[in-house]
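A.B. asks: No sequence on hand, only this structure:
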């Protein structure tokens, strides 16, 4: 049944909130009523944080990661290994990889993967700028870290071909059975790949 | 592990969003990344809707329901039965009762229930204004629609005593087995009350 709202302001807040994914009208109403009981200052800082996130956001000129300045703090960090570039689809993957604290190189954010179904072609992604970055000659390894989907694999292959004329090593992140997973429950493709791409035990000792 | 954010704007948006109930930092990040991909105009209207909800909200001078004007549209509606007032804790209950379309009287929003544990006494609620409303003499029934908790029952009793000197009928909404519920699963207190407060079948026929 159509809900009637006692106030247009409330109805407006509910309909704006419920445009967010995973937030229905019930949750939106609950959140709105919580906001009504909060300090005006607190609600203002929430609203302004969202507006300014979208309005004042910068993207790094070099790697296209989200940033507060023209060049992001990862690209500017002199302690990082600028000979390695990890290619990811979105900033979510940058954050996930940074969280592992296992990677000290730089990134390149494509802004998505090639997906003809969604009308996303190579020109919509930061692939040309990746090529010119590599063409400068200071990068000796490009690590492809895209999802193992048809779109991800297509994009991997496209980038591999695009960089073929340049002297750079192109590698792909390892696929295999997750750490902590039971072998018997691993799917065949993953298990197959983890056997084909097995690692010498002496290298594991070094990790 | 502590998440590091590539941008202060993003970190700020995430921490503001995660102050909302039921939204953790993971959900807040997911929502922030969605907002980043939205039109600037859309994000602005979300932010402004929240700010103006809190800043420009009015409460009805008569019933204390949320409103867009000094007197809410329910109190102003001449087609409603102004001899009946339904007492509720918050505007959520007003919306729930309005949704039933079974009630055509007016409301009185207390703003909570008496709860010494939370430091809420009768003076923090709109009980005095209820008494003066009733004292005007135009109301002949006050319907108490608070939750069946110790706090709700205490508040019911307090209001009942407060209105005892005035000529007004005080009633409480019916407690009983929910429509559609199996009797065998109803709790004893509810089932007991539904037997004690049984309704003549002839009255059911009229409903």
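C.D. replies: All right, it came through fine. Bear in mind that the values here come from a model prediction, so they are computed numbers and not experimental data. Numbers count the residues shown, from 1 in each chain, chains lettered A, B, ... in the order given.

A.B. asks: Next, the buried residues of stretch A:139-155.
C.D. replies: Judged by neighbour count using 16 or more other CB atoms under 10 Å in any protein chain shown, the buried positions of stretch A:139-155 are A:139, A:142, A:143, A:144, A:145, A:146, A:151, A:152, A:153, A:154, A:155. Glycine gets a C-beta too; all of them are placed from N, C-alpha and C.

A.B. asks: Contacts for that stretch, please.
C.D. replies: Applying CB atoms under 8 Å, 6 or more residues apart in numbering or on different chains, the external contacts of stretch A:139-155 come out as A:82-89, A:93, A:97, A:105, A:108, A:110, A:113-115, A:125, A:130, A:133-134, A:156, A:159-160, A:163, A:167-173, A:175.

A.B. asks: Repeat that for stretch A:25-34.
C.D. replies: So stretch A:25-34 is contacted by A:3, A:10, A:13-15, A:17-18, A:23, B:20-22, B:53, B:90-92, B:95 (CB under 8 Å, 6+ apart).

A.B. asks: by contact count, what packs against the longest helix along chain A?
C.D. replies: In chain A, taking DSSP state H as the definition, the longest helix is helix A:40-56. With contacts defined as 3 or more CB pairs under 8 Å, 6 or more residues apart in numbering or on different chains; DSSP states H and E, the secondary structure elements packing on helix A:40-56 are helix B:8-17, helix B:25-37, helix B:40-56.

A.B. asks: So which of the contacts of stretch A:139-155 sit within strands?
C.D. replies: Using DSSP state E, the subset of the contacts of stretch A:139-155 located in strands is A:82-88, A:105, A:108, A:169-172.

A.B. asks: Closest to chain B out of those residues?
C.D. replies: When the ones in strands among the contacts of stretch A:139-155 are compared for distance to chain B (CB to the nearest CB), residue A:88 wins out at 11.9 Å.

A.B. asks: and the closest residue to residue A:52 other than its chain neighbours, what is it in contact with?
C.D. replies: Excluding its sequence neighbours, the residue lying closest to residue A:52 (CB to CB, 6 or more residues apart in numbering or on different chains) is residue B:9, at 6.2 Å. Residues near residue B:9 by CB under 8 Å, 6+ apart: A:49, A:52, A:53, A:56, A:57, A:68.

A.B. asks: ok, back up a step: any chance of the helices and strands packed on helix A:40-56 in CSV, plus distance to residue B:185 and mean pLDDT?
C.D. replies: Formatted as CSV, the helices and strands packed on helix A:40-56 follow (distance: least, CB to CB, whole Å; pLDDT from 0 to 100):
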stretch, distance to residue B:185, mean pLDDT
helix B:8-17, 39, 94
helix B:25-37, 34, 92
helix B:40-56, 40, 95
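
A.B. asks: for residue A:136, phi and psi?
C.D. replies: Dihedral angles of residue A:136 (phi, psi; degrees, to the nearest 10) stand at phi -60, psi -20.

A.B. asks: From chain B, how far out is residue A:197?
C.D. replies: 28 Å (CB to the nearest CB, to the nearest Å).

A.B. asks: thinking again about what came up before, which one of the helices and strands packed on helix A:40-56 is the most hemmed in?
C.D. replies: Most buried of these, by mean neighbour count (mean count of other CB atoms under 10 Å in any protein chain shown): helix B:8-17, with a mean of 21.

A.B. asks: between that one and helix A:40-56, how big is the angle?
C.D. replies: 150 degrees (axes from the mean of the first three to the mean of the last three CA atoms, to 10 degrees).

A.B. asks: quick one, domains of chain A?
C.D. replies: If you go by automatic domain parsing, the domain ranges for chain A are A:8-56, A:79-205.
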